[in-house]
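# fold the following and give me the result.
(chains A and B)
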Amino acid sequence: MATHAAHHAPRKAPPSISPDLMPIHALIEAEQEAFIKEEDGLKRAGYFCSYTPPELLNAAGLRHARLFKAGTPAIVSNGERYTQSVFCDFSKSCIGGFDKDAGDPFYLAVDKLYNFHTCASMKRATEVLDSMVPTTMLNLPRLRGEESSRAFFRDEIAHFRDDVADLAGRPVTEDDVREQIVLFNKARRLIRKFSDLRKRPKPPLSGRDFLELVRGFYYLKPDALLAAYEPLYRKLSRSRGKGDGRPRLMISGSEMADGDRRLVELIEEDIGAHIVAEDHCTGLRPFTYTVCETGDPFRALADGYLDQAPCARMKPIEDPLDFSGQLAQEYAVDGVVYVYLKFCACYGATRSAFIGRFQELGIPVLEISSDYSHSDIGQLKTRVEAFIEVLNEKRFDRLLAARAAEAEAAAD
Amino acid sequence: MKISDIVKADPARVVPAAPVVGFDIGSRGSKGVLVTPDEIHTVFIPTGLYMQETADELLSLLLKRAKLKRHNLGFIVGTGYGRISLKYEDIPYQVVTEISCHAMGAHVVNPATRTIIDIGGQDSKAIKVDPATGKVVEFVMNDKCAAGTGRFLEKAANLLGIGLDELGGVALQAKEPAQVSSQCVVFAESEVVSLRARGDRVGDEEARANIAAGIHYASARRVKTLLGRVGLEPDLVFTGGVANNAGMWHALEDLIGSPFAPSPAGFDMIFAGALGAAVYAGRHHALSRPAKPAKAKAKTTPKPPVELETAKIETIVAEAPRLPHRPACHTPGRAEAPACGVAGFAD
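This next block holds a predicted model:
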């Protein structure tokens, strides 16, 4: 019966998104379709990294999107023809998506690619892509505390403005940029508020749902996003309830691509724990700051993006460590799943530092290194289940201790 | 086997009120343990294509050995790679991961266990255990790669033209273990082929022993890395399908520089996971029975006790015959699983 019904019903979304999210999901799909097909005379701009300010792309009136669709082995092997095997599957997918014959139509619709130099793999991948699609690579300073870094980054962002204005064939004034800063701040603030709802004992949205909201941020224009998200926020914020005793988890680590949902689905659907926070650049992390709305808008963007929750590529490493630890505490998580792509030099090499920090805070951590090959699902399941067993035992012990203390108090 | 000979932990925490069963359906071999209030029975068979059939076969062998009927059983816990595919209409069933089960199994036979190395058919794990409870504190597992697993040894045994059960013994004869540097089965295979090609110079037997030892050391190095990540605290215990491979035992002890604690009464530690599953089955069984009414302190009135099906337990006096020793990961006739990348079974 179920199979029969599923066969006939048009499948609009992966079944794991809650029905509340379906209209937003449909908007995102429609926008992707339009990005590929619509003849609007607008240039398409794509970017890889969350350190790229879309404020400028929007100010130039471009159609733009973050390019983070990945998760399928076929696209990885497209890209692997240009790299060594020790590049992460995400960087291979970025190249594979632009493959003239077997790439992703969405990527192939891009007129110009922008990438801020973050990790070495993505820098090299961007250099490879330079021969496939017009590309501008921009620099991102590592030392976020230095005044010289900020001045340099401000100029880099001003270059970015010149480049997008050139692409759009129209000037982009400081006032245009300021206007977009205000708009994007609104969108970020709203997404942050959605996330705050997850601090409640009974989170009104799943981790999978939240990732969909974030996905929308990178495909939809902010005004369209606000119109669709605000009613949903009002609805979800009314939801109250008692916790169900399932462990609350934070996902920490490297990028989780649009299309790579198997860990999240495994945790939330197969095993039944709550993901309440993401310490990665495709989850909550890019939404933890607000850009200054007055003064030099380029300097404001430079400061805002350098002050956002830093990725492991930034220095000093204590900054990302502090942020991750604080986020885990703020969301009162029972455990952290630290997951990074195989061969990710940034998150692979800093894993001891991150895991050590969580352990110092008394938060159990599960470390997973994975890729998009899908062959390790059984092993992933065992690991996550065993981790949840450990967390449940700890919770159970705490409950028993509390009950014993209560009984003792009652006896006195 | 008498429960008192095997279980060294507090019997009150282990001995079930009714017979219970633990299954450890591994990627290569399946283990079953039936625990009655005074006996432990073990069965090993190769994992078949259909997990439920494998489990059914284990169950009927166990019941025969224990002279019990299905309705005597209080609870079944399944663990291992095939755990989720099992279903029982007539017996309460639960799933627990093999990581928790190996920890519990090793704990009840040796409560001083603090660190476990578990090497199975397709994976290896290092587990840190709380000696007070048998609960997992921390664990690491190898990546989806056959290096340092039973699968690796099985491949090597094939290449050397000997049975997997002989491989460990042959390795112990080595005078000078060959250098097998590769961590990947596919590359190690070509290393073994080239080592074998050079073998004539030292005589076949000796060369084979050296290669076999080299293979064990290559695996052991990999496992040692895992151990390094959870840390080593004695007692160190070796469990899983490879646990009765003397060559691996020796190579690991040599590299780690610390001995494994022996198991009591020669209990075969390939059954640690299934035993742990049976212990969890006993606990689930106890939990599913109504608790004794709490003493005066309790404010709420206890729920009325549900009528309990107390199984008549036949006391089995005779020692169950020890199983013929079957190699842990050897499943003749099984399709070769690719070494990495596409191997579907990862547990």
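
# just checking, which helix or strand of chain A averages the lowest pLDDT?
helix A:2-8 (a mean of 40; mean pLDDT, DSSP states H and E).

# show me what the helix or strand where B:M248 lies is packed against.
Under the criterion of DSSP states H and E, B:M248 resides in helix B:246-256. In this structure, helix B:246-256 packs against helix B:164-172, helix B:204-230, strand B:236-239, with contacts taken as 3 or more Cβ pairs under 8 Å, 6 or more residues apart in numbering or on different chains; DSSP states H and E. Heads up, the C-betas are built off the backbone N, CA and C, glycines and all.

# looks like A:Y218 contacts A:R66 (just checking).
Yes. Between A:Y218 and A:R66 there is a contact under Cβ atoms under 8 Å: 3.7 Å.

# any residues in contact with both of the two?
Each of A:P54 lies in contact with both A:Y218 and A:R66 under the rule Cβ atoms under 8 Å, 6 or more residues apart in numbering or on different chains.

# residue contacts, the residue nearest to B:P131 when sequence neighbours are not counted?
Spatial nearest neighbour of B:P131, chain neighbours left out: B:R114 (5.6 Å); criterion: Cβ to Cβ, 6 or more residues apart in numbering or on different chains. Applying Cβ under 8 Å, 6+ apart, we find B:R114 in contact with B:K128, B:V129, B:P131, B:E233, B:P234, B:D235, B:L236.

# model confidence score at B:C101, please.
pLDDT recorded at B:C101 is 96.

# my bad, should have said B:P327
32.

# ok, residue 252 - how many residues close by?
Picked chain A for this. When counting by other Cβ atoms under 10 Å in any protein chain shown, one arrives at 31 neighbours for A:S252.

# actually, chain B is the one I wanted.
B:L252 has 26 nearby residues by other Cβ under 10 Å.

# doesn't B:A218 make contact with it?
No. B:L252 is beyond contact range of B:A218, at 12.0 Å (criterion: Cβ under 8 Å).

# hang on, the earlier thing: helix B:204-230 and the helix holding B:M248, what's the angle between them?
Counting by axes from the mean of the first three to the mean of the last three Cα atoms, to 10 degrees, helix B:246-256 points 50 degrees away from the direction of helix B:204-230.

# now helix B:246-256 - C-alpha only, CSV.
The C-alpha trace of helix B:246-256 is given here as CSV (Å, rounded to 0.1, in the frame of the first residue of the first chain):
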residue,chain,number,x,y,z
ALA,B,246,47.6,-16.8,18.0
GLY,B,247,49.7,-14.9,15.5
MET,B,248,47.7,-11.7,15.9
TRP,B,249,47.7,-12.1,19.7
HIS,B,250,51.5,-12.3,19.6
ALA,B,251,52.0,-9.5,17.1
LEU,B,252,49.8,-7.1,19.1
GLU,B,253,51.4,-8.0,22.4
ASP,B,254,54.8,-7.5,20.9
LEU,B,255,53.9,-4.1,19.3
ILE,B,256,51.9,-2.8,22.2
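
# what pLDDT, on average, does that helix get?
Averaged over helix B:246-256, pLDDT sits at 94.

# show me what contacts residue 42?
Going with chain A. A:G61, A:L62, A:R63.

# chain B was what I was after
By Cβ under 8 Å, 6+ apart, the neighbours of B:T42 are B:M1, B:K31, B:G32, B:V33, B:D268, B:F271, B:A274, B:L275, B:A320, B:L323.
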